[in-house]
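Enquirer: Mind looking at a prediction? Sequence and model below.
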Amino acid sequence: MTTADGGGAALHGVKVLDLSRFIAGPLCAQILGDMGADVVKIERPGGEDARFQGPFMSGESLYAMAYNRNKSSATLDTRKAEARAVLGELIRWADVLVENYRPGTLDAMGFGWERIHELNPGLILTSMSGFGQTGPLATRPLFDPIAQAASGLMSLTGDPDGPPTLVGAYVADHVAALYGAIGTLVALIARGSSGLGQRVDVASLDAVVSILGTRATASLMLGEQPARAGPRDPYSAPASVFPALDGYVYIHGGTDGLFPRLCRAIDREELARDPDYATVAGRLEHVDRLEAAVAAWTSRHTRTEIEAVLADAGVPGSRVAAIDEVVASPQLHAREMFVEVAHAVLGTLVLTGSPVKLDATPARIRKPPPLAGEDTDRVYRDVLGLDPERVRALRDAGAI
């Protein structure tokens, strides 16, 4: 599953300088690395903040490993003048710089966009931030839950009578990372015509608002104020979580085409003839009674039995899988979504594979997540061409 280099990969030859931390920026750079880019991650001596986040195994952060494969790691203390000179040389080397400092930080370091563009007119600066580079909230700090709260996503998540609830994964950071990678790829294509780089500005708040679907549009156009619906689909029924003998299943039989199939599958064909359920609007109006009828059937069967019946009927449905069931899924293993790599400390490390499947230039895990600074000497010697005396002086000065 691993290759020694990026030859044959879509982004082979693209050089990425990763100055980011935690999730959104590192994942953006990792996506580019999966596609063959040469990614150099710059960390402060001792390692970036994510390396101190759990869970840990053998003293190493699995959190950091999830977002930093296919990268080389070199240390650099950008607070020191000697290090800032090296950073300028790295900027000249790179095609892409990924950063997620708070807006204004790069300027304070002496590397605002104008200076970066002067050093390397072809460089693409992908800036990931909480609220974006502009606007009245631009300089406020943000973590993923803040984006979920500020975007309205949290207000839509949870039971109707309960408090707003976090989504069970860092969705804001992940969606922002995807948009960062998309923007970077578009900027690389544009550079092919103009020869010039540009700034890619991605905000976590914007990213989450973009996935609200019709909720924002309906508020703007219709004045609707959507409420939390728990597991129910707010626009069709029956489409919700139902109890099984050994857990829960999610069934979506709410469209006019699917509803009769579901009724046949659960041996309740009379429901399809009930005028109360003849339309989506009618089924939503009588959703409690309708869901009770479906639950009466699901509660007598196991999840496996329910999945088989629904598959035969052509009705979408799935068990509500626990994570241990997910990582054992034959479907996901067939799709190479769990990949084993060799790691210097852990031996065998299992990582989530790339969900993007390309026939001619597939994504590869060419390099496991690096230890903090494990490539420092090689990067400065081979990438920048620094002589051993200068590398030694940088280390003596505490710059690396």
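Expert: Yep, it's here.
Enquirer: For the spatially closest residue to Met57 that is not a sequence neighbour, give me its contacts.
Expert: Excluding its sequence neighbours, the residue lying closest to Met57 (Cβ to Cβ, 6 or more residues apart in numbering) is Leu346, at 6.0 Å. Using the backbone N, CA and C atoms, a C-beta is placed for each residue, glycine as well. Leu346 is in contact with Met57, Ser58, Glu60, counting by Cβ atoms under 8 Å, 6 or more residues apart in numbering.
Enquirer: contacting residues for the closest residue in space to the second one that isn't next to it in sequence?
Expert: Same thing as Ser58. Using Cβ to Cβ, 6+ apart and skipping the chain neighbours, the partner closest in space to Ser58 is Val345 (5.3 Å). Applying Cβ under 8 Å, 6+ apart to Val345 gives the contacts Ser58, Gly59, Glu60, Leu371.
Enquirer: Excluding covalently adjacent residues, which one is nearest to the second one?
Expert: Excluding its sequence neighbours, the residue lying closest to Gly59 (Cβ to Cβ, 6+ apart) is Val345, at 7.4 Å.
Enquirer: How about the third one?
Expert: Excluding the flanking residues, the one nearest Glu60 by Cβ to Cβ, 6+ apart is Val345, at 5.3 Å.
Enquirer: picking that back up, which element, helix or strand, includes the residue nearest to Gly59?
Expert: Using DSSP states H and E, Val345 falls within no helix or strand.
Enquirer: per-residue pLDDT, it?
Expert: Val345 carries a pLDDT score of 97 in this model.
Enquirer: Against Asp324, how distant is it?
Expert: The gap separating Val345 from Asp324 is 24 Å, by Cβ to Cβ, to the nearest Å.
Enquirer: Kindly report the domain assignment for this structure.
Expert: 15-211+335-396, 239-326 (automatic domain parsing).
Enquirer: what about the shortest one, start to end distance?
Expert: To tie it back to what came earlier, the one meant is domain 239-326. In domain 239-326, first residue to last residue: 22 Å (Cα to Cα, to the nearest Å).
Enquirer: what sits against the residue lying closest to Val209 once chain neighbours are set aside?
Expert: Nearest residue to Val209, sequence neighbours excluded (Cβ to Cβ, 6+ apart): Ser151, at 5.0 Å. Contacts for Ser151 (Cβ under 8 Å, 6+ apart) come out as Ala172, Leu205, Val208, Val209, Leu212.
Enquirer: and the domains of the chain as a markdown table, adding distance to Gly8?
Expert: Output for the domains of the chain, formatted as a markdown table (distance: least, Cβ to Cβ, whole Å):
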| stretch | distance to Gly8 |
| --- | --- |
| domain 15-211+335-396 | 6 |
| domain 239-326 | 31 |
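Enquirer: That concludes my questions; thank you for your assistance.
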